[in-house]
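Engineer: structure here, sequence nowhere to be found:
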């Protein structure tokens, strides 16, 4: 077992060090003080990493955004973009936003 500094443990988990610091404060992952630094057991980090992939975690919610510059005649491009995004999606798609001609008008909705 190795004691990891916060930056190395966060990198192994694929998260920002501030997120790991908050998880430690919330009691989601155990840590040990070494001087004035938190250290994380490599075993605990690996267990947390495996646990994050568990089916018990909440589903990822996704919003798809598709856009074309012209205001007409590019419906097939919007559909192709949406199909590509749906194929790459790893979570639950909750909304699809279609934006037409957004570069041409200043009063666009969002």
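Structural biologist: Here it is on my side, so go on. Keep in mind it's a predicted model, so treat the numbers as computed, not measured.

Engineer: rest of the way, CA atoms for contacts and neighbours
Structural biologist: Fine.

Engineer: residue ranges with poor pLDDT in this structure?
Structural biologist: Across the chain, the ranges flagged by pLDDT under 70 are 52-59, 70-73, 102-110.

Engineer: please repeat the previous calculation with a cut-off of 80.
Structural biologist: Residues of the chain that meet the criterion pLDDT under 80 lie in 51-60, 69-75, 100-110.

Engineer: and the strands in it?
Structural biologist: With DSSP state E as the definition, the chain shows strands at residue ranges 3-5, 32-34, 37-41, 61-68, 92-100.

Engineer: buried sites along the fourth one?
Structural biologist: Applying a neighbour-count criterion of 16 or more other Cα atoms under 10 Å, the buried positions in strand 61-68 are 66, 67, 68.

Engineer: now the last one
Structural biologist: Of the residues in strand 92-100, 99, 100 count as buried by neighbour count, 16+ other Cα under 10 Å.

Engineer: I'd like the numbering to begin with 3 instead of 1 from here.
Structural biologist: All right, first residue 3 from here; so that's strand 94-102.

Engineer: does anything pack onto that strand? Which helices or strands?
Structural biologist: strand 63-70 (3 or more Cα pairs under 8 Å, 6 or more residues apart in numbering; DSSP states H and E).

Engineer: which residues are contacting the strand it packs on?
Structural biologist: Here strand 63-70 makes contact (Cα atoms under 8 Å, 6 or more residues apart in numbering) with 76, 79-80, 83-84, 87-88, 91, 93-104.

Engineer: angle of that strand against strand 94-102?
Structural biologist: 20 degrees (axes from the mean of the first three to the mean of the last three Cα atoms, to 10 degrees).

Engineer: centre of the chain versus strand 63-70, how much separation?
Structural biologist: Relative to the chain's own centre, strand 63-70 is displaced by 15 Å; criterion: Cα atoms, centre = their mean, to the nearest Å.

Engineer: likewise stretch 10-26?
Structural biologist: Mean-position distance between stretch 10-26 and its chain equals 14 Å (Cα atoms, centre = their mean).

Engineer: buried residues, it. List them.
Structural biologist: Buried-residue list, stretch 10-26, by 16+ other Cα under 10 Å: 11, 12, 15, 19, 22, 23, 26.

Engineer: nice, that's everything, thank you.
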